[in-house]
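Colleague: any chance you can model this:
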Amino acid sequence: MTKFGYALETGRAQWGKIVSGSQFIGFFSRAEFRNLNDTRNTQEPSRLDDMIAQAYGAILDQDRFDELIALAEGSITNPAAHRELLRRKRDIETHFETAEKLLANLQQPERDADRPVITIGPDLTVKTANEIAETMLGTLAGTSLEDLLIDADTIQMLRDAVAGRLQDWPVVRMQKTETGKQVLLALSQGDAATDGKVWRLVGVDSVWRPGASLAMQSLYALTPSETDVLSLLVEGYSPSEAAQARTRSVETVRQQIKSMITKTRSKGTNELTALARAVAASASRQSAAGGQPTHDFARFQLRLKDGRKIDYLEQGARDGEAVLFLHGCLCGNRMPNAAARHFAQNGIRLLSPARPWHGQSDGHNILLLDPKRYAHDLREMLDQLEVDKVSVVAFDVGSIFALTCLPELQDKVSGLLCVSAQPPMRSFQDFASAPPQQKLFAILPRVSVSLLSYMAKIGDKRLKRDGPGGFAQTVFGGAPADLDACEDPHLLDLFWQGHLFHVENGSDSFINDCRFVASDWDRTLQPANVPIHFIHGTQNRSIRPERILAFAERLNARVTLVENAGHSLPFSHWKHWVRFLDPAGSN
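Modeller: As a prediction, the model looks like this:
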C-alpha cells in the first residue's frame, strides 16, 4: 500500500509533493503545482487555502478512505494492520502539524459583495462600481475620482501608482456620502482590458449592518451600546474618534472595548475587529439571502462553585414547567421562533445550556474521560435556578451526556426524550451510510486526532468563508430531508448561528464531540428509574433508524419514528417531540 508521505495516484491524476524548506506540506496536482510556482508571490490567501484543503482532501478520497477504515478496524485484532496504521498516523500527523502552522498565517479573505469595489482606468475614470460603492461613496461609471472629494495629494498618489512610479500599492481614503466618514480602500492591479489596463480600489473593511449587531449580541452577549462602538471600530474609527462620534469619554469607550475583548476571548482590539468583520460578512450574506434575525430567546450565564461558567438560553414561559435541552454537535441550542412561541403559550420553560467547550461555557478535561461527570454541572445549574424537576430532551451528541448522566440525576428528571440520538459506535461500518462530512468526523478520532484537529479547523474556516449559503450542502450533503429543511430561511439561519455558537471558543467543542462519539461511552451506562423515549426520523442519513431501534431495545426504551424527517428533526419537526413533553402524550 502506498505510504501517505509519498506521491499518490488517484485515477489519472498524478499528485506531487510541495515542500517548504525541508518540510512536506501537502499534495497538489501537477497543474496546480505549476500554477502555484508561477503565482506564489501573488497568491491570494483564499486560493492557497482552497488548494491546501483540496490537497489534503486527496488523502480522503473514497478508495483511500475505505482503505484507512479497514486498516483501523483490522488493527484491533491484526498486529500487521496495527503497525501499518501507526506508520500512516505518523506520516499524517507530521504533515498536518506543518499544515496547521501554514494555515495559522493565512488571513480569511473578505468578499467583494460585502465591501465597496471600484475599477478605474489610467486616467482615474471609474469604469465600474458595485452597489455598495455607489451607495456608500457615490461612485458611478464614467465619473472621475477627482470629482469625488478626494484631496489633491491622494489623486497625485493614485496617478503615480497607476503610472508605475510607486513601489508599493497605496491605501487611500474616500468619504462616505451620508456621514463624511472616511473609508479605506486598497489599490491593486486588475485584469487587462481591451482598452488598456484597469486597477481595483477595494474597501478594506466589511460593511457593518444591523444584522451584525444582533449576531454579536446573540453570540457573545455584547450590549447594544458595545456593538455600537464595535461597528465604529470595524469601519475604521479609532477609540478617540468613536468616543467623539458617540459623545462619550475616551475612557468609557476603552472600557467597553476591554469588556468586548473579554466576552469574545479575543487577544486584543485587532482580533476583536477581525472577528466582528467575519460576523458582519456572514450577516450581510444572510441578509441578502432573505434570512431574518430571531429574538424569541434570552441568553444568560451562571458561575459554578469551581469558578467555571455555564452559558445557557431560555425560551418560552419564565415561570413554566422546566425542560432541559442538551444540544448536539450540529444546529446549536436554540429552537425555532414558532416553537418558542408555543412554549410561551403552553407554560414550557426551555433551558438550553451550552455544553462544555461550546458557546461561552468552560470545558473540563475530566469530561473527556468521564462524560457522566457533567451531571454535577447540570445539578448545580438546576439548583441555582431553583428547579426541582425537569424533563430532559437530548439531541445528537447531547444524548451521550443525557444517558450517561441520567443515573446521577434521576431524582430530578421525570423523563428523557432522545431526539435524533447518537447511539454507540460499535463498528466503523455503523457510519457507512452517513453523509460524507459526518461520517468523516465520526471516524477520524480513531484514526488520528491530529488529522481530526486539522480537518475541523479548515472546515470551520471554509464554513465561515462560505457563510449560510454554503452551510447546508457542506454539512448535510447527501441527506435530502435535511437539505429540504435548510430551504426554510429561518431554519438555515438557526443552523448557521448554531455553527457559530459551537465554535465561539475555537474548535475544541467540535473535536471533543467527535472524540465522545468514537469512544466506548456506552460501557459506563448504568440503569436509571426514568422512562426513556427515542424519537427518530425515517430519513435520517446520519444515523440509520435500525441502529436506534437496536439501541432502544437494549435500554428497554420506547421508539417513535417520524416520517420524512432527517437528522435535524428537533428543529424541522419540533411538534413531533414537543407533544411528548405532556405526560398524556399531547398538548
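Colleague: F300: how many residues sit nearby?
Modeller: 13 (other Cβ atoms under 10 Å). Glycine gets a C-beta too; all of them are placed from N, C-alpha and C.
Colleague: now do G142
Modeller: Neighbour count of G142, defined by other Cβ under 10 Å: 7.
Colleague: what's the answer for the one 10 residues further on, then?
Modeller: The burial metric for A152, expressed as a neighbour count using other Cβ under 10 Å, is 8.
Colleague: surely L145 and G121 touch.
Modeller: No - under the criterion of Cβ atoms under 8 Å, L145 makes no contact with G121, lying 10.3 Å away.
Colleague: between these two, which has more neighbouring residues?
Modeller: A count of neighbours by other Cβ under 10 Å puts L145 above the other of L145 and G121, at 21 against 17.
Colleague: check contacts around that one.
Modeller: Counting by Cβ atoms under 8 Å, 6 or more residues apart in numbering, L145 touches I120, L124, T125, V126, I155, L158.
Colleague: what's around the second one, how many residues?
Modeller: When neighbours are counted by other Cβ under 10 Å, L124 registers 18.
Colleague: now Y312: which helix or strand?
Modeller: Assigned by DSSP states H and E, Y312 belongs to strand 309-316.
Colleague: paired strands for that strand, with orientation please.
Modeller: Sheet pairing here is set by DSSP bridges, and for strand 309-316 it gives strand 298-303 (antiparallel), strand 348-353 (antiparallel).
Colleague: ok, and what's touching it?
Modeller: Strand 309-316 is contacted from outside by 221, 296-304, 333-335, 339-340, 342-344, 347-354, 358-362, 377, 381, using Cβ under 8 Å, 6+ apart.
Colleague: next: stretch 573-582.
Modeller: In contact with stretch 573-582 (Cβ under 8 Å, 6+ apart) are residues 321, 323, 335-336, 338-339, 342, 348, 391, 393, 417, 419, 533, 535, 537, 560, 562, 565, 569-570, 585-587.
Colleague: could you do stretch 513-529 as well?
Modeller: With Cβ under 8 Å, 6+ apart, stretch 513-529 has contacts from 329, 368, 370-372, 397, 400, 403-404, 406-407, 410, 413, 422-425, 441-446, 449, 452, 456, 555.
Colleague: apply the buried test to these and list what passes.
Modeller: Those of the contacts of stretch 513-529 that meet the buried threshold are 329, 371-372, 397, 400, 403-404, 406-407, 410, 413, 422-425, 441-446, 449, 452, 456, 555, by 16 or more other Cβ atoms under 10 Å.
Colleague: among these, which ones are in strands?
Modeller: V413 (DSSP state E).
Colleague: before we move on, the earlier item: just the strands paired with strand 309-316: most buried one?
Modeller: Stretch with highest mean neighbour count among those: strand 348-353 (a mean of 23; mean count of other Cβ atoms under 10 Å).
Colleague: for that strand, C-alpha coordinates in CSV please.
Modeller: Once non-C-alpha atoms are left out, strand 348-353 reads as follows in CSV (Å, rounded to 0.1, in the frame of the first residue of the first chain):
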residue,chain,number,x,y,z
ILE,A,348,-43.0,25.4,29.0
ARG,A,349,-39.7,26.9,30.1
LEU,A,350,-36.9,25.5,27.9
LEU,A,351,-33.4,25.7,29.4
SER,A,352,-30.6,25.1,26.9
PRO,A,353,-27.1,25.0,28.4
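Colleague: continuing past that strand, what's the next helix or strand?
Modeller: Next helix or strand after strand 348-353 toward the C-terminus (DSSP H and E): helix 366-369.
Colleague: who's in contact with that following helix?
Modeller: Taking Cβ under 8 Å, 6+ apart as the rule, helix 366-369 contacts P356, R373, Y374, N512, R515.
Colleague: what residues sit buried inside the next helix or strand after that helix?
Modeller: Remark: after helix 366-369, the chain's next helix or strand is helix 374-384, criterion DSSP H and E. Buried residues in helix 374-384, counted by 16+ other Cβ under 10 Å: Y374, A375, H376, D377, L378, E380, M381, L382.
Colleague: nearest to A317, out of these: which one, please.
Modeller: Comparing those against A317 with Cβ to Cβ picks out L382 as the nearest, at 17.0 Å.
Colleague: how much space between that closest one and D520?
Modeller: Remark: distance between L382 and D520 (Cβ to Cβ, to the nearest Å) = 28 Å.
Colleague: for S453, same thing?
Modeller: 21 Å.
Colleague: which non-adjacent residue is nearest L232?
Modeller: Nearest non-adjacent residue to L232, counting by Cβ to Cβ, 6 or more residues apart in numbering: A242, 4.1 Å away.
Colleague: that should have said F401, apologies.
Modeller: The shortest distance from F401 to any non-neighbouring residue, by Cβ to Cβ, 6+ apart, is to Y374 (5.1 Å).
Colleague: try F476
Modeller: Closest residue to F476 apart from its sequence neighbours, by Cβ to Cβ, 6+ apart: D482 at 3.9 Å.
Colleague: again, but for A565
Modeller: Once flanking residues are discounted, A565 sits nearest to G537: 3.1 Å by Cβ to Cβ, 6+ apart.
Colleague: so what's the one you found bridging to?
Modeller: With DSSP bridges as the criterion, G537 is bridged to V562.
Colleague: how's the chain carved up into domains?
Modeller: Domain ranges of the chain: 9-104, 116-203, 210-288, 298-581, per automatic domain parsing.
Colleague: the last one: end-to-end distance?
Modeller: For domain 298-581, the separation between the terminal residues is 22 Å (Cα to Cα, to the nearest Å).
Colleague: now that domain: mean pLDDT?
Modeller: For domain 298-581, the mean pLDDT works out to 86.
Colleague: and the shortest one, by the same measure?
Modeller: Averaging pLDDT along domain 210-288 yields 77.
Colleague: next one: the second one
Modeller: If you average the pLDDT over domain 116-203, you get 78.
Colleague: the chain should start at 39 in everything you say after this.
Modeller: Sure thing, new numbering starts at 39, so read that last one as domain 154-241.
Colleague: hang on, the earlier thing: from F338, how far out is the residue nearest to F514?
Modeller: Remark: distance between D520 and F338 (Cβ to Cβ) = 30 Å.
Colleague: look at the residue nearest to L270 and say how many residues are nearby.
Modeller: 23.
Colleague: helix, strand or coil for it?
Modeller: Of the three states, A280 takes helix according to DSSP: H, G, I helix; E, B strand; the rest coil.
Colleague: and for H605?
Modeller: coil.
Colleague: which residues in the stretch 89-238 of the chain form helices?
Modeller: Using DSSP state H, counting those that start in this stretch, the helices of the stretch 89-238 of the chain run over 100-112, 117-142, 169-175, 190-200.
Colleague: quick check, L342 in contact with D415.
Modeller: Yes - the criterion here is Cβ under 8 Å, and L342 meets it with D415 at 6.2 Å.
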